[in-house]
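*Asks:* only the shape, not the letters, is given here:
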């Protein structure tokens, strides 16, 4: 930093706050260290924080009195005792906290939740997804937070109608509720929810075994705007027809994979709600007939339509696009009857198109892609998985016209070659690129990507056998912001190439499955350089020796999830890994041929109070001590026996 | 036309539209106390000249397309030294010219990062 402190001291505090507002998070960390005044500015203005270690929680709450959002989802060892200690500590103020993220905090139970509900008076938003121990007692404890508006309880498998009832009675102001995967919830619970929480605007009941009776209750909600019913097996047309008279403000409905639903029921919903904006019916409706089209034509405000898997003819598609010109998202994957003619119609009329999914549309060729690229200049996301007829010509149009393109999926596209990649690299705003299973490009193609796609964040090269070490080395030179890289099963890669990955400072997700030629040297280089690594998949990397794992244990302090299946890790190295990596919460330890039962016992004991998910070989169930297994279970760790 | 007097005695005569970009001056005009010119005790002549240059460019609701304005802003902010920059921040804050304040603070943030 070039400015001397004396000049900056000229600025008053509110001006410093203004300047601080323009800094991005990585710079804000350094800002704190500069001077006392800067530190105060940071402390006063910070409103959200994600805590990584539970030991720092009380201190952090003290330092940042204006916090409104607290994320504890990646904080290991968080349990009821920690929360109780916080409550007893009078200096800590939680009165401004409005949003609390306890997703996957599996060790928090009723006592802890009851305390949190008591000390956070202003709590409006709580996320307890994936806490499989969250049951009726926990729900009762949470219901004390009467001001709750937004509650996410995805995959709280132990939650039943009784618990839901307690919440509904305690928190009548709820306006957004998500009950995805809460398999114990039935029609009774939904009925009570709809009767008591009249302000409900957004409801997600995906995967639940609710019947048409629930829909009758849902249709009585006066302010409902968003309804998600993905994969509800017992819902059918008769039920959906009840939604015809549902809330007039209904804007979005999702019935993806509801097998009992056909387009006729959607007609009833649509005719009752001409202002509907988002219609998602992927993989359930089988045909878009003329009568259906008649009704969809009337939807002038339609922005999203997902009819993946349906039989759509080109003429239907043209009729649809010429009537619904405000479409920004179209999902037509597996609509195998769509050809270039239909696509050209879409391109001609829907100029605001931003997202287009054409996965597995085998008859779409370069002509269609060029038409879309030229007309729809706002295109941001394009998914062309398994579109085998796309060649470099189509990609050339994308590179020349789609300047706002951010996400491109070309998985399994036979025609992608070096030339094609050269054209794509002209899309300078590209953030996410998927090239899995494309084996026809070589190092040259990757040189182009590496030299021009500076903003690239995610790159998927799964099973791309055409490139080698040189291609991989080209990536860190230009794509410095890369945070997700998949090079699984690219078997030609060796240590020389893999070592270059250490230059990617922001890398957090790395998949190296099946790379049999890499050794400890390669892994050590990655561990030393990629300090932010949080997810690492090393399955089937049989030649990595202990030196690599030691380096991982010393340097990769931010690792949260690791897959070591079929690796040659030894007892001591495994123990080092599990004890040193204090943030690891999710481990896959299947088929570790060099680790003995004792090795597993020691390694797991070292981390038993932090793990949340564990995968082990089935025989170990009877060989590990029952003490260990009980401790793991009590702390909320789920063990999957393979 | 509005007359502005800097702290070191210099006077600047500018059109009302240009001056009204400053919320402080706009309030003074509303309260009708601009008879003999507006004294700005916290702003020196040099800084005031720079501010007037900025306001003149940004007044016509254009003076070029958005792209051109951005390029002009970039050149404007990159060709000044640090002490001028900080004085500009203080003056923009005093005169309450939001766009200039954002521009200068963003520049400081960029310098820090």
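*Replies:* Cool, got the structure. Source: prediction; values computed, not measured.
*Asks:* alpha carbons only for contacts and neighbour counts from here, please
*Replies:* Will do.
*Asks:* what's the neighbour count on residue A:315?
*Replies:* A count of nearby residues for residue A:315, using other CA atoms under 10 Å in any protein chain shown, gives 13.
*Asks:* for it, give its distance to residue A:341.
*Replies:* 8 Å (CA to CA, to the nearest Å).
*Asks:* quick check: residue A:63 touching residue A:41?
*Replies:* No. Residue A:63 is beyond contact range of residue A:41, at 11.3 Å (criterion: CA atoms under 8 Å).
*Asks:* residue of the stretch 201-350 of chain A nearest chain B, please.
*Replies:* residue A:328 (25.9 Å; CA to the nearest CA).
*Asks:* check contacts around the closest residue to that residue other than its chain neighbours.
*Replies:* Using CA to CA, 6 or more residues apart in numbering or on different chains and skipping residues adjacent in sequence, the residue nearest residue A:328 is residue A:353, 4.1 Å away. Residues in contact with residue A:353 (CA atoms under 8 Å, 6 or more residues apart in numbering or on different chains) are A:326, A:327, A:328, A:329, A:330, A:376, A:378, A:379.
*Asks:* that's a helix at residue A:353, yeah?
*Replies:* No. Residue A:353: not assigned to a helix; according to DSSP: H, G, I helix; E, B strand; the rest coil it is coil.
*Asks:* distance of it relative to residue A:376?
*Replies:* Distance from residue A:353 to residue A:376, by CA to CA: 6 Å.
*Asks:* got it, and residue B:20?
*Replies:* Remark: distance between residue B:20 and residue A:376 (CA to CA) = 41 Å.
*Asks:* which one's more surrounded, those two?
*Replies:* Taking other CA under 10 Å, residue B:20 and residue A:376 do not tie; residue A:376 has more neighbours (22 against 18).
*Asks:* quick check: pLDDT value at that one.
*Replies:* pLDDT for residue A:376: 93.
*Asks:* wait, it sits on residue A:349?
*Replies:* No. Contact criterion CA under 8 Å: residue A:376 and residue A:349 do not qualify, at 9.3 Å.
*Asks:* helices of chain B, residue ranges please.
*Replies:* With DSSP state H as the criterion, chain B has helices at B:16-19, B:23-30, B:45-59, B:66-78, B:82-95, B:98-112.
*Asks:* can you list the buried residues in stretch A:179-197?
*Replies:* Of the residues in stretch A:179-197, A:179-194, A:196-197 count as buried by neighbour count, 16 or more other CA atoms under 10 Å in any protein chain shown.
*Asks:* burial check on residue A:321, number of neighbours?
*Replies:* Residue A:321 has 22 nearby residues by other CA under 10 Å.
*Asks:* so it: helix, strand or coil?
*Replies:* helix.
*Asks:* helix, strand or coil for the nearest residue to it once chain neighbours are set aside?
*Replies:* Sequence neighbours aside, residue A:346 is the residue nearest to residue A:321 in space, at 5.3 Å (criterion: CA to CA, 6+ apart). State at residue A:346, reduced to three classes by three-state DSSP: helix.
*Asks:* surely residue A:346 touches residue A:316?
*Replies:* No. If you go by CA under 8 Å, residue A:346 and residue A:316 don't touch, sitting 10.5 Å apart.
*Asks:* ChimeraX command for the buried members of the contacts of residue A:353?
*Replies:* Filtering the contacts of residue A:353 down to the buried ones (16+ other CA under 10 Å) takes a single ChimeraX command:
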select /A:326,327,328,329,330,376,378,379
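*Asks:* now the strands: where do they sit in the stretch 301-450 of chain A?
*Replies:* A:304-306, A:329-331, A:355-357, A:381-383, A:407-409, A:432-434 (DSSP state E, counting those that start in this stretch).
*Asks:* by contact count, what packs against the third one?
*Replies:* Using 3 or more CA pairs under 8 Å, 6 or more residues apart in numbering or on different chains; DSSP states H and E as the contact definition, the elements that strand A:355-357 packs against are strand A:329-331, strand A:381-383.
*Asks:* related to what we said a few turns ago, which one's more surrounded, residue A:346 and residue A:316?
*Replies:* residue A:346 (28 against 18).
*Asks:* got the contact list for that one?
*Replies:* So, once contact is read as CA under 8 Å, 6+ apart, residue A:346 ends up touching A:317, A:318, A:321, A:322, A:372.
*Asks:* considering the residues you listed, which possesses the most neighbours?
*Replies:* Of the contacts of residue A:346, with other CA under 10 Å as the count, residue A:372 tops at 27 neighbours.
*Asks:* quick check: the gap between it and residue A:354.
*Replies:* From residue A:372 to residue A:354 the distance is 10 Å (CA to CA).
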